[in-house]
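Colleague: Here you go, sequence then predicted model.
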Amino acid sequence: MSKPRRQYSPEYKQEAVGVVQQSDQPISRRAQNLGISDGLFRRWIKEQSDSAKKPFPGQGNPRDEDVTRLKRELIEVKRERDFLKEAAAYFAK
C-alpha cells in the first residue's frame, strides 16, 4: 500500500515561501527543514510569483498551519541558540 498523499493549505504554502524569501539559506536546505521536496517547494515559489491566477488553489489540512508556526518558531529558537553559543565563546576568551 502507498502512503496517503500529504496536502498543504494555501496559508501553509504562503508562510513557507515567505520564510524562504526572508532567509539567507538555500531553497533546498529550507525545503529539507520543512520536510518537503525541493521540487515541490520551487513549484510553490513559482505559483506564488504568478500574479495572474490565485496561488495555491488546493484544499490542504488545517493542522498544516500549526506545523508551519511551530517550524518557524523552531528556526528562530535555533538561531537564538547559535547566537548565544557564539557570544559565550567570544566572552570566554
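Modeller: Right, received. Where do you want to start? Numbers count the residues shown, from 1 in each chain.

Colleague: residue ranges with poor pLDDT in the protein?
Modeller: Where the chain drops to pLDDT under 70, the residues are 1, 51-62.

Colleague: Show me where it has its helices.
Modeller: 10-22, 27-34, 38-49, 63-92 (DSSP state H).

Colleague: would you list those in JSON lines and tack on mean neighbour count and distance to Ser2?
Modeller: Just so you know, the C-beta spots here come from the backbone N, C-alpha and C atoms, and that holds for glycine as well. As requested, the helices of the chain are exported to JSON lines (neighbours: other C-beta atoms under 10 Å; distance: least, C-beta to C-beta, whole Å):
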{"stretch": "helix 10-22", "mean neighbour count": "17", "distance to Ser2": "22"}
{"stretch": "helix 27-34", "mean neighbour count": "17", "distance to Ser2": "22"}
{"stretch": "helix 38-49", "mean neighbour count": "14", "distance to Ser2": "17"}
{"stretch": "helix 63-92", "mean neighbour count": "11", "distance to Ser2": "21"}
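
Colleague: can I get those in CSV with distance to Pro4?
Modeller: Listed next are the helices of the chain as CSV, based on distance: least, C-beta to C-beta, whole Å:
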stretch, distance to Pro4
helix 10-22, 17
helix 27-34, 19
helix 38-49, 16
helix 63-92, 14
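
Colleague: Which residue is the nearest non-sequential neighbour of the most centrally placed residue in the chain?
Modeller: What sits nearest the mean C-alpha location of the chain, by C-alpha atoms, centre = their mean, is Ala16, with 3.6 Å. With C-beta to C-beta, 6 or more residues apart in numbering as the criterion, Ala16 has its nearest non-adjacent residue at 5.8 Å, and that residue is Leu34.

Colleague: I'd assumed Phe41 was in contact with the one you found.
Modeller: Yes. Counting by C-beta atoms under 8 Å, Leu34 touches Phe41, with 7.3 Å between them.

Colleague: Residues that sit against both of these two, list them.
Modeller: Ala16 (C-beta atoms under 8 Å, 6 or more residues apart in numbering).
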